[in-house]
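**Student:** After the sequence you'll find the predicted model.
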Amino acid sequence: MTTALTNNVQIIKHGGKPAFAVIPWDDYQTLVESVGSDESGVWFPNEVVQANIRGDSLIKSWREYKGMTQAELAANAGIKQPALARMEKPDANPRKSSLVKLAYAMGITVEQLIE
């Protein structure tokens, strides 16, 4: 399947670097439909899988894979570092709203944080 999108994209910069891409609604809908709800397309790098097998939570595994400190990720996600530390424990059960913030801050999907 080929997804045709327009070239009508607005780039919003923050600190001189691209921070957001605004696309037309129809293009957004096309992207959403092309992804679908099949979780078989969820991708995990080997380093994340290995860390998770060793016992690290997916949150911690992804954070370390992305080269972020707890303080950096917490700040980017708009949460406090001690809260993130609790969420990184293997037996933690973070709220979906927290997972959404963390996924966005790391540039991954929420599905990549659900064990």
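**Tutor:** Looks like it arrived, so ask away.
**Student:** what residue ranges in this structure are flagged as low confidence?
**Tutor:** With pLDDT under 70 as the threshold, the chain has low-confidence stretches at 1-7, 32-41, 115.
**Student:** Spell out the residue ranges of the helices in the protein.
**Tutor:** Taking DSSP state H as the criterion, the chain contains helices spanning 25-35, 46-54, 58-65, 70-77, 81-87, 96-106.
**Student:** Would you mind finding the most buried of the ones you listed?
**Tutor:** A comparison of those by mean neighbour count, using mean count of other C-beta atoms under 10 Å, puts helix 58-65 on top with a mean of 22. (Each C-beta comes from the backbone N, C-alpha and C, glycine too.)
**Student:** now the angle from that one to helix 46-54?
**Tutor:** With axes from the mean of the first three to the mean of the last three C-alpha atoms, to 10 degrees as the criterion, the two stretches helix 58-65 and helix 46-54 enclose an angle of 140 degrees.
**Student:** helices or strands up against helix 58-65?
**Tutor:** With contacts defined as 3 or more C-beta pairs under 8 Å, 6 or more residues apart in numbering; DSSP states H and E, helix 58-65 has these neighbours: helix 46-54, helix 96-106.
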